[in-house]
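**Student:** no sequence for this one, just the structure:
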């Protein structure tokens, strides 16, 4: 009871594909992060406690990362506007959201 020719061919093909995936893929070079300014979107208007917290957090981030940190206050609609802005941004780590539990 041996394998049919079709089964053997399929196994060989899968083995070749697995080897190509494992050994044939080159390594990707990591890009330095950050390479441009980071934006913190605050879900409340300027001048409040969350805005102050964002600015307190931004200062050490700026010195450690070596890039500007932009605070963008986007109050309104119960935080929905700010959350929408963060969700629609590219998933690259350059746009962060900050708000309260109610906003998020």
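**Tutor:** Sure thing, it's come through. Since this is a predicted model, take the numbers as computed values, not measurements.
**Student:** now stretch 83-94: buried residues?
**Tutor:** For stretch 83-94, the neighbour count (16 or more other Cβ atoms under 10 Å) marks 83, 85-86, 94 as buried. The way it works is simple: take the backbone N, C-alpha and C, and place the C-beta from them, glycine included.
**Student:** just the mean pLDDT for it, thanks.
**Tutor:** Averaging the model's pLDDT scores along stretch 83-94 yields 94.
**Student:** any idea how far that stretch is from the chain center?
**Tutor:** Its chain's C-alpha centre and that of stretch 83-94 lie 8 Å apart, by Cα atoms, centre = their mean, to the nearest Å.
**Student:** please shift the residue numbers so they start at 6 in all later answers.
**Tutor:** Let's use 6 as the start, then, which means that last one is stretch 88-99.
**Student:** ends of it, how far apart?
**Tutor:** 15 Å (Cα to Cα, to the nearest Å).
**Student:** and for stretch 69-77?
**Tutor:** Terminal-residue distance, stretch 69-77 (Cα to Cα): 20 Å.
**Student:** where exactly do the helices run in this protein?
**Tutor:** 10-28, 54-70, 85-93 (DSSP state H).
**Student:** pLDDT below threshold where in the protein?
**Tutor:** 6-11, 18, 21, 24-34, 108-109 (pLDDT under 70).
**Student:** residue contacts, the residue lying closest to residue 105 once chain neighbours are set aside?
**Tutor:** Leaving aside its sequence neighbours, residue 105 sits nearest to residue 55 (Cβ to Cβ, 6 or more residues apart in numbering; 6.4 Å). Counting by Cβ atoms under 8 Å, 6 or more residues apart in numbering, residue 55 touches 47-49, 103-105.
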